[in-house]
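S.K.: predicted model and sequence follow; I will ask about them next.
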Amino acid sequence: MILIKLMSYVRRHRVGLTALAAVCAAVCVSVGRCLPSTADGMRRSGVVVQTSSCYELRAGGRAVMWFQAVEGDTLPVGLSLSADEAAVSRLAVGCWMNRWPMLPSCRGRIVTTLPDTARTPKAPAARLLAAACRRLSADVRLAEHDKAELDYYMRVHGVQDEGYQNIAALASHRAAALVALRRTKAVADSLMASQSPLTVTHRTVCRAFVRHDGDAATDTIGCRLVATTARHRLALLQTADATTPSGVKAQYLLPWNTTNRSLLATGFGGIGIDYTAQSAARPVVVAGRRKGRDVSFPRVLTTSGTPLFTPRGLFAGIIVDGHIAGRSEVSRLLMKGGWQ
């Protein structure tokens, strides 16, 4: 009798019960996703990111010259007629992140850091170009002097003299460098003489290196720069096709900032040290400490952009210049990336 009544009740309220079951299942799945990460999950949250950046000088809306950095706020350094030659590449660490709490909303989002040079110069473009022209003139004069000395050596010495081949190779290299300098100076001088409006912007190209489980090889994925914080240190990237690679684990933000003094970090050996950094570095979970906003981890294993976790495996923040950028800072950055 009870079974018959129960079946009758289910038939009468099957729509509501089905909806309730679907909601309960969705809640359970969402809560399950927000559970603490295991060591494997922490490792799959981290990713190696490469940023290639340079400054771009545009005349009349057309890119004509590039340079690596600005010395003393007014002097462009590493001026070139090629963006690839001027670009400075750097490897950093990032973390796959979901946009919304409890909802799978990563869509290829990565929170990482940019070099502290990634900012638009304060000096006007015309002033930067004028300083570059003066430096180029001095560099051309010095290169011409060096070439004259090398040419003299080549005239008074022969191939039988010790070290002649080395000097000949150096002379060839310096001659090619002088040609490039003169070409660059000619373009800079023509821009100074023209009336075209000049602008300078910072150009950044980003890539992520995704490692597959049990595979030493990595996939290279192009990314776009979506947003940065005020000082351009914390950055939000997104894969070019807005999809999250399979096998990675995107982290969720907690509703509060963690206060744990003991923390774990997903580090990559050598990243952050120029002569040891490799895109194929393997992730490792390493323990460290926090005192206030300062964090202490082995420098050879962690760098800016490294994701941090509580001892239970909950996302705690990102390392930025030896400090922790917590939940609130990461949340503000993710909000700049739009609602999607």
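M.R.: Happy to help now that I have it.
S.K.: where does pLDDT dip in this structure?
M.R.: Confidence mapping of the chain against pLDDT under 70 gives the ranges 1-35, 116-120, 212-217, 231-232, 274-277, 338-340.
S.K.: so residue 150 belongs to a strand, correct?
M.R.: No - assigned with DSSP: H, G, I helix; E, B strand; the rest coil, residue 150 falls outside any strand and is helix.
S.K.: skipping its backbone neighbours, what lies nearest it in space?
M.R.: residue 171 (4.1 Å; C-beta to C-beta, 6 or more residues apart in numbering). Placement of C-beta: from N, CA and C, glycine included.
S.K.: let's verify that neighbour: helix, strand, or coil?
M.R.: Secondary structure state of residue 171, per three-state DSSP, is helix.
S.K.: could you measure from it over to residue 153?
M.R.: For residue 171, the distance to residue 153 equals 8 Å [C-beta to C-beta, to the nearest Å].
S.K.: which other helices and strands does the helix or strand hosting residue 333 contact?
M.R.: Using DSSP states H and E, residue 333 maps to helix 327-335. Under the contact criterion of 3 or more C-beta pairs under 8 Å, 6 or more residues apart in numbering; DSSP states H and E, helix 327-335 touches strand 109-113, strand 234-239, strand 315-320.
S.K.: now those in a markdown table, with mean neighbour count and distance to residue 86?
M.R.: As requested, those are exported to a markdown table (neighbours: other C-beta atoms under 10 Å; distance: least, C-beta to C-beta, whole Å):
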| stretch | mean neighbour count | distance to residue 86 |
| --- | --- | --- |
| strand 109-113 | 26 | 21 |
| strand 234-239 | 24 | 20 |
| strand 315-320 | 25 | 26 |
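S.K.: which among these is found nearest to residue 125?
M.R.: Ranking the helices and strands packed on helix 327-335 by proximity to residue 125 (C-beta to C-beta) places strand 234-239 first, at 24.2 Å.
S.K.: after the closest one, next one along is what?
M.R.: Counting by DSSP H and E, the next helix or strand C-terminal to strand 234-239 is strand 262-268.
S.K.: who does that following strand touch, helix- and strand-wise?
M.R.: Partner elements for strand 262-268 (3+ C-beta pairs under 8 Å, 6+ apart): helix 39-45, strand 46-59, strand 88-96, strand 283-291, strand 307-309.
S.K.: hey, which of those is tucked in deepest?
M.R.: By mean neighbour count, with neighbours taken as mean count of other C-beta atoms under 10 Å, strand 307-309 ranks first of the helices and strands packed on strand 262-268 at a mean of 27.
S.K.: list the strands paired with that one, with their directions.
M.R.: Here strand 307-309 is paired, per DSSP bridges, with strand 262-268 (antiparallel), strand 315-320 (antiparallel).
S.K.: just send these back as CSV, with distance to residue 157 too.
M.R.: Shown next, in CSV, are those (distance: least, C-beta to C-beta, whole Å):
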stretch, distance to residue 157
strand 262-268, 50
strand 315-320, 56
